[in-house]
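Trainee: Fold the following and give me the result.
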Amino acid sequence: MNLNQFYEDKQTKNQRVKELKEELQANSDKIKELEDKYNKALVNGNEKEADNIFPKITKLKEGIKSDTYKIEKLEKLNKEAIRNNAISTLNHLEKVYNDYENKAKELEIQAKPLEDELIKLFSKGWDLQNEYRDITRKYYSLKDSYDIKNNEYSSNVPGYSTELKIFKNSRIPSHSVITITPSQVGTSKVEKERKERINNLGPNTSIGDYARASRILKQD
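Mentor: Just a heads-up that it's a prediction; the model follows:
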């Protein structure tokens, strides 16, 4: 029994009790009305009319007694049945979990190619960063070779250790989407530390943070 079935069944059971109570109240009101008529008939000397009313009152009172017992019994039975259904419904959560777990696995399968592609982009970022460092080294070799002072060239020239702002503003929705596996890193101590840093990144990690953790970018 799932949640919807549980609450529908509960509502049906409670509705039945509610209807019986409404019938009980209606019959009680009817008895009061008949007793008033009966009393007036007796006072006015209409014994025949009173005799016709009395069996109706008796019948309604018997019905009220029966309905009162029925309601009390039904409420007790309903309480027990609803509790048993609640247990059955709670057990149904196992199936719900398995269904959602299968959906989650499907999403993971869909995300895998994207993850692999992102890893490739990080590798390209690493290569781009190294290429820029090599070029920067060559440019700054001019400074050393020709004894160029800091005030002799533009202040807009990036510093020797300036890093590229790769993936600075991009966001990774969740750290669980990108997880480095042993096959994606080496076995050296440095590589193992790199893997641990990446896998410890929290939710909404920026790709820049990811890149710094993987040493594509320099740490701030």
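Trainee: could you point out the longest helix in the chain?
Mentor: Across the chain, the longest stretch assigned as helix under DSSP state H is helix 93-145.
Trainee: Could you tell me how many residues sit around residue 18?
Mentor: Residue 18 has 12 neighbouring residues, counting by other Cβ atoms under 10 Å. Yep, even glycine has a C-beta here, placed from its N, CA and C like the rest.
Trainee: Break the protein down into its domains, please.
Mentor: Structural domains annotated on the chain: 3-91, 111-213, as defined by automatic domain parsing.
Trainee: Any chance of TSV for those, columns mean pLDDT and distance to residue 97?
Mentor: Below are those laid out as TSV (pLDDT from 0 to 100; distance: least, Cβ to Cβ, whole Å):
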stretch	mean pLDDT	distance to residue 97
domain 3-91	94	11
domain 111-213	71	18
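Trainee: For the protein, which segments count as helices?
Mentor: Applying DSSP H to the chain gives helices spanning 3-43, 47-91, 93-145, 189-199, 207-213.
Trainee: So for residue 153, which of the ones you listed sits nearest?
Mentor: helix 93-145 (7.6 Å; Cβ to Cβ).
Trainee: can you tell which of the domains of the chain is closest to residue 100?
Mentor: Closest to residue 100 of these, according to Cβ to Cβ: domain 3-91, at 13.9 Å.
Trainee: what about the closest one, start to end distance?
Mentor: End-to-end distance for domain 3-91, by Cα to Cα, to the nearest Å: 11 Å.
Trainee: for residue 156, phi and psi?
Mentor: Main-chain torsions, residue 156, degrees, to the nearest 10: phi -80, psi -10.
Trainee: which residues touch it?
Mentor: Counting by Cβ atoms under 8 Å, 6 or more residues apart in numbering, residue 156 touches no other residue.
Trainee: how close does it sit to residue 162?
Mentor: Distance, residue 156 to residue 162, by Cβ to Cβ, to the nearest Å: 11 Å.
Trainee: Then residue 77?
Mentor: Using Cβ to Cβ, one gets 79 Å for the distance from residue 77 to residue 162.
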